[in-house]
Every structure is written in C-alpha cells, then in structure tokens.
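Peer 1: Sequence plus the predicted model coming up.
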Amino acid sequence: MTETSPTELSDRLRDDEDVLVLDIRHRDDYEEWHVPNSINLNVYDELTDDPEAAKDALADLPNDREIVTVCAAGVVSQTATDVLREMGYDATTLTDGMNGWSRVHRSAPVETDLAGTLVQVARPGKGCLSHILISDGEAAVFDASHYLNEYDAILSEYDADLVGVFDTHAHADHVSGGAELAKRNDVPYYLHPKDALAFDATPVEDEATIEVGSVDIDIIHTPGHSEGSVSFNVEDEALLTGDTLFHESVGRVELGIEAGIEESDVEGNAATLYESLQRLLDRPDDAVVLPAHDPGSPEPPVTATLAEVRERNEDLGRDREAFVETLASDIPEHPPNFERVKRANAGQEDVPDEELSELELGPNRCAAE
C-alpha cells in the first residue's frame, strides 16, 4: 500500500500522530497553499527529469518517521514515494495530492443554548465553513460546498428532513452546492436577489424571520463584500456572518466589481460594509460568530463570541474614514479563478461537474487582510 487517503491523513494529523508530510512542489506553490505542518523540499524538477538526482536532498529526512508525500495531483509525489521506499524510508503518497486535500470535510457541533443542534462543517484544505441547523426533525444547510454527500450523511445521522438551503452570498472562492442540494431535496434555495443574478432563488429579505423546527432565523442584509450578502441571526445565540465578518478580519470589497457583476466602486462598497458591520456589533456579546471561512485550515468547531471578535479584529476598531481607506487601498492577491467561481454562484455560468474541483483549487483569500 503506497497511498494515504486525504481523509486518513486529516484524521492522523488531528490525532497528532507522528507522520511527516513532505511537500515536493516548488517553493512558491508550497507557500501559497499547503497541508498544515508539512515541510517543503523543492525537488519537483529533479523528480520529473531524473529521480536519482533527488536522492541527495531526500537523504537528510528522518528515517524513524512515516512520510506522506504531496504534490498537486499525486503524480510526481508518487515518484518521490518510490524513490524514498527504494532508499529504505517508510513512505506513502497523498492520494490526488492537494486536489484530494481540498475535498476533506470534518464536522463538529457548536455549543449553543438553541432548541436544537448547530453543526459546523469545515473543509481544512479550502478554509471553508458551512453550518447545519437541526431542530425538531427539520434541518437547514448554510453555505454548502458542492460535495453534497457530506451533508446527506449528517442529515441521516440526525434523522432530520431538509427544509431549506441558504447561502450568505454568491461566494468567490468555492463553488456552492446550495442550489443543487435544494433541488435534489425539493426544498427552497435562499439567496438575496442582488446575488441571484441569473437563476430563480427564493429571496431573503432584510429583517424577515424563517423558522426551522423550533428555532427562528432572522435575516440581516449586510452588503459590502457582496451586494447580496446577508447574515443570519439565530436567536441571538449564533451569528452566521458569511464573508461580512471574520474573527480577525472582514470581507473584501472588490471581488464582485472585478468579476464584472457589480457596478459599484471599491470605496462605496467599503463604506457600505462599514455600515453593515454596525448592524452586527449591537448583538449580544456572547453570541457565537460563525463566518463562512477561516483560512487557517480549520478543525471544527471554529468559534468566537462577538465580544472576543471585537477584541481580536483590528478592522472593527477603525473609524469610518480609516476603515474605507484601508479596505480600498490594501487589495490582497485574488482567490484562484474567482471570476468564474463568482459568476457560477450568481447563476451566470454553468461549470461542468468534471471541472468543479479543479476550478476552486487553491487558498482561501476572501478576507480583506
């Protein structure tokens, strides 16, 4: 057996098993996106052109630990595994490389006093967070990935019937599975009309309330990152803030403009986002803030109270003028393929199933800083 599945590696890293993850890609690729706590030996070219030439660099690896090799798709890293095994190392290859790592999902309940259960689903390889609310046998899914079996399994585990699927906005870093999940289960797909540009979705309206079992979900329109961004206030116990508010940053304000689906300007979006944040900050201090992303390869549950976010998030300490100036002038590198991803999630582009995984590969970059 010379392969380790992405799920197995995720489990072993979570359990702190003594495994050395060796990424053999070019340094720039590694620094952009990698498995947490992995090490990088840039022997990609040697392994591609002349595997024997890689042995000198590989010879310095510890020989008392199992090694899991990683590349983009698991092809060149398999050559690395073959060379390492020839050298006497205990080595396997991460199946499908970083492509496989991007598919990993993990879940855990979020501690609340709701009359039900709130489950967080994390994709460590993408930094994406989605949530499932379950109450009285009913369930709603928020910000689903397109790997729908992950949500089907949790609904089955809790013996809950799906009654609605929600997206906080038209995402720019990953392809949403929300519309397809709703279609398969014949339930409404909720998305704000400002982001549902080219398909029919059940509109969400500011200050409306939707019930799931015994739990009320209040809609708060929080534009700025996206014109249709909304946050969901779940009985002042949890705030599902999408990409409006992260624990240590806020949402970017230029992606919709540069994707060609918004006619606003960056300064205007930043000012709008500032006002949206004020609507969230007057919620109870102990409300749990649950964004749609955490770029740190999260292990669920990733949570922080609103009081903790106020202390940790420098963006929230800026006045309006400084906030707008900072967000409008400091533009980070874009998420990969964000234009097509954004258009797909707004209904303006159909992406073939076989292209979905490749389209969204790469790091999460939806935070402003």
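Peer 2: Happy to help now that I have it. Numbers count the residues shown, from 1 in each chain.

Peer 1: which residues in the stretch 151-300 of the chain form strands?
Peer 2: 161-166, 189-190, 209-212, 215-221, 230-234, 238-242, 288-291 (DSSP state E, counting those that start in this stretch).

Peer 1: pLDDT weak spots in this protein?
Peer 2: 1, 297, 365, 368-369 (pLDDT under 70).

Peer 1: And the residue nearest the centre of it?
Peer 2: Cys128 (1.3 Å; Cα atoms, centre = their mean).

Peer 1: JSON lines please, covering the strands of the stretch 151-300 of the chain and showing mean neighbour count.
Peer 2: In this view, the C-beta of every residue, glycine as well, is placed from N, C-alpha and C. Below are those laid out as JSON lines (neighbours: other Cβ atoms under 10 Å):
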{"stretch": "strand 161-166", "mean neighbour count": "22"}
{"stretch": "strand 189-190", "mean neighbour count": "24"}
{"stretch": "strand 209-212", "mean neighbour count": "16"}
{"stretch": "strand 215-221", "mean neighbour count": "19"}
{"stretch": "strand 230-234", "mean neighbour count": "25"}
{"stretch": "strand 238-242", "mean neighbour count": "27"}
{"stretch": "strand 288-291", "mean neighbour count": "26"}
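
Peer 1: closest one to Glu275 among those?
Peer 2: Checking these against Glu275 by Cβ to Cβ gives strand 215-221 as the closest, at 10.6 Å.

Peer 1: For that closest one, which outside residues touch it?
Peer 2: By Cβ atoms under 8 Å, 6 or more residues apart in numbering, the residues outside strand 215-221 that reach it are 114-116, 133, 135, 140, 192, 204-211, 229-235, 276, 279-280.

Peer 1: domains in the chain, as residue ranges please.
Peer 2: Domain segmentation of the chain under automatic domain parsing yields 3-101, 106-359.

Peer 1: between those domains, which one is nearest to Ala367?
Peer 2: domain 106-359 (4.0 Å).

Peer 1: Between its first and last residues, how far does the closest one reach?
Peer 2: 21 Å (Cα to Cα, to the nearest Å).

Peer 1: Distance to Pro363 added to the strands of the stretch 151-300 of the chain, as a markdown table?
Peer 2: Shown next, in a markdown table, are those (distance: least, Cβ to Cβ, whole Å):
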| stretch | distance to Pro363 |
| --- | --- |
| strand 161-166 | 25 |
| strand 189-190 | 27 |
| strand 209-212 | 33 |
| strand 215-221 | 28 |
| strand 230-234 | 24 |
| strand 238-242 | 18 |
| strand 288-291 | 16 |
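
Peer 1: which stretch among those strands comes nearest Leu13?
Peer 2: Of all the strands of the stretch 151-300 of the chain, strand 288-291 comes closest under Cβ to Cβ, at 22.6 Å.

Peer 1: and after the closest one, which helix or strand comes next?
Peer 2: Counting by DSSP states H and E, the element after strand 288-291 in chain order, helix or strand, is strand 304-305.

Peer 1: which helices and strands does that next one pack with?
Peer 2: The criterion is 3 or more Cβ pairs under 8 Å, 6 or more residues apart in numbering; DSSP states H and E, and the helices and strands that strand 304-305 contacts are strand 288-291.
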